[in-house]
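Peer 1: sharing a model prediction with you, sequence too.
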2 protein chains.
Amino acid sequence: MAYSYEHPRPSVTVDCVVFGLGDSYDLRVLLIERALDPYQGFWALPGGFVRLEEGLEAAARRELHEETGVRDVFIEQLYTFGALDRDPRGRVISVAYYALVNLSEHPVKASSDARHAEWFKIEELPELAFDHKEILKKAIERLRAKVLYKPIGFELLPEKFTLTDLQKLYETILGQKLNRRNFRSKILKMDLLEELEKQTNVAHRPALLYKFNKEKYEELSLREGEFIFEIRFQPRDGRDENEEE
Amino acid sequence: MAYSYEHPRPSVTVDCVVFGLGDSYDLRVLLIERALDPYQGFWALPGGFVRLEEGLEAAARRELHEETGVRDVFIEQLYTFGALDRDPRGRVISVAYYALVNLSEHPVKASSDARHAEWFKIEELPELAFDHKEILKKAIERLRAKVLYKPIGFELLPEKFTLTDLQKLYETILGQKLNRRNFRSKILKMDLLEELEKQTNVAHRPALLYKFNKEKYEELSLREGEFIFEIRFQPRDGRDENEEE
DNA sequence: TCAAAAGTGTTTAGTTTACACCCATGC
DNA sequence: GCATGGGTGTAAACTAAACACTTTTGA
């Protein structure tokens, strides 16, 4: 079956930059190995063609689920890439999304549909297909910028987390050591974390677990101007409590 | 001539939200009156179909120029709109851009190509075609947010401006009165304005004219973390120097 | 009892806010 | 000479930064 139009049309795809946090709080991105022709064997962002009967975000979620098994996650539009030569098959415009997931709840899927998905550390990326390196770069920039003024970082953590988890997350994303005491007081002063029970089975003083109170945040941010989420610290020199002496 | 594809494809358009500042520092947007069928006679954002041989931003600039005569302006991608029913002609995905221009240098064009373009105050908009109201809403949100941390507001002013011009611009966009002394010191402390000559022919003490030093800003912002452009004030209650008692 | 991370409070420095009067010009 | 907006400095309040020791647990 063929489809005919009076004027030529580009193809439209979606691509997803899925971020997760590794065991050592290193930032990772979920890639798939391309089984088919252009860039066969290369690693690429999960994505594919938009169907006429689905919205853009829906297409991104569908492709993400089909190709990696990941679903029901935080996802947001990133940017639309439309360079003339970005796809050897012709004019393909790609609407990119980025997603944040708790990696431990989305380990590499058991390749159910023959495609191969894997989490890569941001600093150890393979060569990527198409202009996916550029898309990823933009996604990292966006994540770095947005984490400062929107509480999206929590999407990378499990529901219950310690303040140290949260701090390490920020340190990873911002690429900067933060002072523990100042971080804790800044975060707690916003009063958006719900205190839960203590950790168990750790070989040191157990930390309190917290949960992000999304409802409260949303209510507060409606009151324009009165409340501003902001995590920003002066550039620091990484020291803190340097034992002895 | 017809174009045939194996799979159905959406159409792709670009739309431009062009902002300008009116005489009384009111925010305005440039609209065109639709001459053709869907929504004929309605006001709409300038825009149109992307050609296969041009990039997205190039398409936005081309349509903007063709439909309104405006060219060589600050333009940036806003968001891509792809709701299934946003265009009665079928599936049309629109990549929206926003532009900032100095309105006095881009008055309503003399309708050279029969299309009619006009500047509308943001608060006195006509009914718009398609989902253009939604696009415009998103553009205003973006402008409000971005003006706080990027020096894009200058794009709305003539090259030479007074600090009062700049302050009124911020007051318009933020919808908030600012304190004159604090605004001045904050702006001047960033040391990004070049002092020029005095105003002439004003019936009061002439103000100094300034010029935004874009080169300096760009150089400074490369040094990551060291320099941060930021205009943000606590919500205020609009008073200042309330003369006499 | 040791190792390992959690937790905490205060002083200091820096930044932001609030605020009132004189100045330069055109009419 | 008067009306109009331009221009300025400082004290007070607040916020952010720096910093070291004690606590709790499992092994």
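Peer 2: Looks like it came in fine. Numbers count the residues shown, from 1 in each chain, chains lettered A, B, ... in the order given.
Peer 1: okay, the angle between the strand ranked longest in chain A and strand B:11-21?
Peer 2: The longest strand of chain A (DSSP state E) is strand A:11-21. Interaxial angle, strand A:11-21 versus strand B:11-21 (axes from the mean of the first three to the mean of the last three C-alpha atoms, to 10 degrees): 70 degrees.
Peer 1: and strand A:11-21, which strands flank it?
Peer 2: strand A:27-33 (antiparallel), strand A:47-49 (antiparallel), strand A:92-100 (parallel) (DSSP bridges).
Peer 1: what about residue A:35, how many residues nearby?
Peer 2: By other C-beta atoms under 10 Å in any protein chain shown, the residues close to residue A:35 number 11. Backbone N, C-alpha and C define where each C-beta goes, glycine included.
Peer 1: that one and residue B:98, how far apart?
Peer 2: Per C-beta to C-beta, to the nearest Å, residue A:35 is found 39 Å from residue B:98.
Peer 1: helix or strand for residue A:134, which one?
Peer 2: helix A:132-146 (DSSP states H and E).
Peer 1: with chain B in mind, check whether that helix reaches it.
Peer 2: No. Helix A:132-146 lies out of reach of chain B by C-beta under 8 Å from any C-beta of the partner chain, never closer than 8.7 Å.
Peer 1: counting by contacts, list what that helix packs against.
Peer 2: strand A:11-21, strand A:74-81, strand A:92-100, helix A:163-174 (3 or more C-beta pairs under 8 Å, 6 or more residues apart in numbering or on different chains; DSSP states H and E).
Peer 1: residue A:147 against residue A:153, yeah?
Peer 2: Yes. Look at residue A:147 against residue A:153 with C-beta atoms under 8 Å: they come within range, at 5.0 Å.
Peer 1: quick check: neighbours shared by these two?
Peer 2: Between them, residue A:147 and residue A:153 share these contacting residues under C-beta atoms under 8 Å, 6 or more residues apart in numbering or on different chains: A:170, A:173.
Peer 1: picking up where we left off before, so which of the strands paired with strand A:11-21 is the most packed in?
Peer 2: strand A:92-100 (a mean of 25; mean count of other C-beta atoms under 10 Å in any protein chain shown).
Peer 1: give the rounded mean pLDDT of that one.
Peer 2: Averaging pLDDT along strand A:92-100 yields 98.
Peer 1: ok, then the element right after it?
Peer 2: Past strand A:92-100, the next helix or strand by DSSP H and E is strand A:116-121.
Peer 1: that next one vs strand A:27-33, what angle?
Peer 2: 150 degrees.
Peer 1: elements contacting strand A:116-121?
Peer 2: Strand A:116-121 packs on strand A:27-33, going by 3+ C-beta pairs under 8 Å, 6+ apart.
Peer 1: give me the contacts around the strand it packs on.
Peer 2: By C-beta under 8 Å, 6+ apart, strand A:27-33 touches A:17-22, A:41-46, A:67-68, A:70, A:101, A:103, A:106, A:115-122, A:125-126, A:128, A:136, A:140, A:172-173.
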